[in-house]
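Need a 3D model of the sequence below.
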Amino acid sequence: MKSAEQSFETVFGHAPEATASAPGRVNLLGEHTDYQGGLVLPTAIPQQTTATLARNGTGEHRVYSADLDEQASFPVGENAPSGFARYVAGALALGGAREGLDVFVTSDVPMGAGLSSSAALEVATLRALRALGVLHADDEQIALLAQRVEHEFVGVQSGIMDQMASSFADPAHMLFLDTRSLERRTLPLPAGAEVLVIDSGVPRKLAESGYNERRAQVEEAARRLGVHELRDVTDPAAVEALPSPLRERARHVVTENKRVQEAVQPGVTAQRFGELMNASHTSLRDDYAVSHPRVDELVSLLQAHPDVFGARVTGAGFGGAVVALVREGQARAVAAATLARYSGPGRRVVPG
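Prediction:
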């Protein structure tokens with residue numbers, strides 16, 4: 001539970017030296033493609049994570065989360081024992097911290113909802129190190145360091161989308177990102193539409209989910225097809241000779257890339273964009289098997305609403321949030337009507 005009275009000074013007893021923030025993200029299209037060199041289309045959410053830090057004159061880092069009311073200590077250069085502090089420990093180690101730091105973290109990015117609270121924490125910590133003068137890196141380099149934190153300190157073989165979105169996206173635009181080349185451009189949302197995000201209330205813990213299993217499956221599918229990554233497969237029919245479940249996993253990745261390619265074409269309407277989102281959810285549910293019954297219920301309720309163009313699970317899945325493209329100006333009303341019929345403990349996340 002968040003401790004409203006706490007501040008950097010009250011926790012650590014001295015003044016901070018640097019602070020930085022980074023946003024969470026919601027992915028509109030392009031799910032589970034980034035670790036196969038695919039195309040993604042995220043946008044930032046208004047909620048942010050902030051890391052404030054200062055040198056403490058010791059050989060130990062001390063980290064405190066105001067939202068969790070948890071504190072951890074660990075030697076410089078080493079990993080934290082567990083929990084949120086591992087993301088901070090990895091960022092400090094890879095960001096070049098060679099002396100003890102006190103780190104105060106606060107965030108309004110929902111945790112466990114598939115909105116990249118971990119990437120926001122990593123990027124905010126690395127940005128704070130940059131503000132302190134310890135790290136000399138641009139935003140792309142920070143995103144790549146943050147991905148290494150996931151791999152080397154957390155144990156999740158994540159793609160690069162979340163960290164790039166936290167580094168470059170903003171809530172007013174979509175970020176079209178080629179995760180192979182890291183080429184990117186910002187695009188407007190479809191005309192007459194806005195984004196709604198609802199947390200299903202079903203928490204998902206990425207490292208404990210089937211994420212790493214799915215990654216291994218698509219890597220094996222690519223190997224059997226004789227390609228470096230499934231990004232190189234352009235004909236969806238090419239995957240049909242694979243055994244199950246490799247066939248279904250590969251089918252999702254190949255068709256999802258095609259959905260993103262269509263979504264960023266000039267003149268795509270909100271209605272068509274929504275249809276692509278609906279197809280993405282079906283693929284994630286049936287072929288990639290990363291949905292959840294409560295999430296499916298919430299998505300179905302949204303898809304049935306007359307002011308919703310399309311809806312889908314977002315993030316790694318296995319619970320978490322859903323994203324919907326809705327008629328401009330109607331997000332709050334759609335959320336209220338949907339949550340009134342939803343049987344789970346959901347809550348609106350965006351708009352704030």
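
Am I right that residue 79 is in contact with residue 86?
Yes. Residue 79 lies in contact with residue 86 (C-beta atoms under 8 Å); the separation is 6.0 Å. In this view, the C-beta of every residue, glycine as well, is placed from N, C-alpha and C.

Now the common contact residues for the two.
residue 153 (C-beta atoms under 8 Å, 6 or more residues apart in numbering).

For this structure, which segments count as helices?
Using DSSP state H, the helices of the chain run over 8-12, 85-94, 117-132, 139-149, 161-168, 211-225, 246-263, 270-286, 293-304, 331-341.

Looking at the ones you listed, which is nearest to residue 33?
Closest of these to residue 33 is helix 246-263, at 5.2 Å (criterion: C-beta to C-beta).

Point out the other elements, helices or strands, that that closest one touches.
When contacts are defined as 3 or more C-beta pairs under 8 Å, 6 or more residues apart in numbering; DSSP states H and E, helix 246-263 sits against strand 18-29, strand 39-55, helix 211-225, helix 270-286.

from the chain's centre, how far out does the first one sit?
In terms of C-alpha atoms, centre = their mean, to the nearest Å, the centre of strand 18-29 is found 8 Å from the chain centre.

before we move on, what about the last one?
Centroid displacement of helix 270-286 relative to its chain, using C-alpha atoms, centre = their mean, is 19 Å.

So which elements touch that helix?
Helix 270-286 packs on strand 18-29, strand 193-199, helix 246-263, helix 293-304, strand 308-313, strand 321-327, going by 3+ C-beta pairs under 8 Å, 6+ apart.

for this structure, which spans come out with low pLDDT?
1-4, 205-209, 351-352 (pLDDT under 70).

Tell me who's in contact with the residue sitting furthest away from the middle of it.
Centroid-distance maximum for the chain: residue 57 at 34.4 Å, with C-alpha atoms, centre = their mean. When contacts are counted by C-beta under 8 Å, 6+ apart, residue 57 touches 99, 100.

returning to that earlier point: turn the helices and strands packed on helix 246-263 into CSV, including distance to residue 65 and mean neighbour count.
As requested, the helices and strands packed on helix 246-263 are exported to CSV (distance: least, C-beta to C-beta, whole Å; neighbours: other C-beta atoms under 10 Å):
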stretch, distance to residue 65, mean neighbour count
strand 18-29, 15, 26
strand 39-55, 10, 23
helix 211-225, 23, 17
helix 270-286, 31, 20
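
Please render these as JSON lines that adds distance to residue 248 to the earlier fields.
Formatted as JSON lines, the helices and strands packed on helix 246-263 follow (distance: least, C-beta to C-beta, whole Å):
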{"stretch": "strand 18-29", "distance to residue 248": "19"}
{"stretch": "strand 39-55", "distance to residue 248": "20"}
{"stretch": "helix 211-225", "distance to residue 248": "9"}
{"stretch": "helix 270-286", "distance to residue 248": "7"}
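
Out of those, which is closest to residue 174?
Between the helices and strands packed on helix 246-263, strand 39-55 lies closest to residue 174; by C-beta to C-beta that is 5.1 Å.

packing partners for that closest one?
helix 8-12, strand 18-29, strand 101-107, helix 117-132, helix 161-168, strand 173-178, helix 246-263, strand 347-350.

Compare those and give me the one nearest residue 220.
Nearest to residue 220, of the helices and strands packed on strand 39-55 and by C-beta to C-beta, is helix 246-263 at 6.0 Å.

Flag every buried residue along that closest one.
Buried positions in helix 246-263, judged by neighbour count with 16 or more other C-beta atoms under 10 Å: 246, 248-257, 259-260, 263.

Domain map for the protein?
8-178, 190-350 (automatic domain parsing).

Return the most buried member of those domains.
domain 8-178 (a mean of 22; mean count of other C-beta atoms under 10 Å).

Quick one: distance of it to the chain centre.
12 Å.

OK, contacts around the residue nearest the centre of the chain?
Ranked by distance to the mean C-alpha position of the chain (C-alpha atoms, centre = their mean), the top residue is residue 116 at 3.2 Å. By C-beta under 8 Å, 6+ apart, the contact set of residue 116 is 24, 25, 109, 162, 165, 166, 315.

ok so, going back, can I get the domains of the chain in a markdown table with distance to residue 184?
Output for the domains of the chain, formatted as a markdown table (distance: least, C-beta to C-beta, whole Å):
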| stretch | distance to residue 184 |
| --- | --- |
| domain 8-178 | 5 |
| domain 190-350 | 11 |
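
quick revisit: would you list the helices of the chain in a markdown table and tack on distance to residue 70?
Compiled in a markdown table, these are given as follows (distance: least, C-beta to C-beta, whole Å):
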| stretch | distance to residue 70 |
| --- | --- |
| helix 8-12 | 11 |
| helix 85-94 | 8 |
| helix 117-132 | 13 |
| helix 139-149 | 18 |
| helix 161-168 | 22 |
| helix 211-225 | 24 |
| helix 246-263 | 36 |
| helix 270-286 | 32 |
| helix 293-304 | 27 |
| helix 331-341 | 30 |
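
Go through these and name the closest to residue 240.
Taking the helices of the chain one by one with C-beta to C-beta, helix 246-263 is closest: 6.3 Å.
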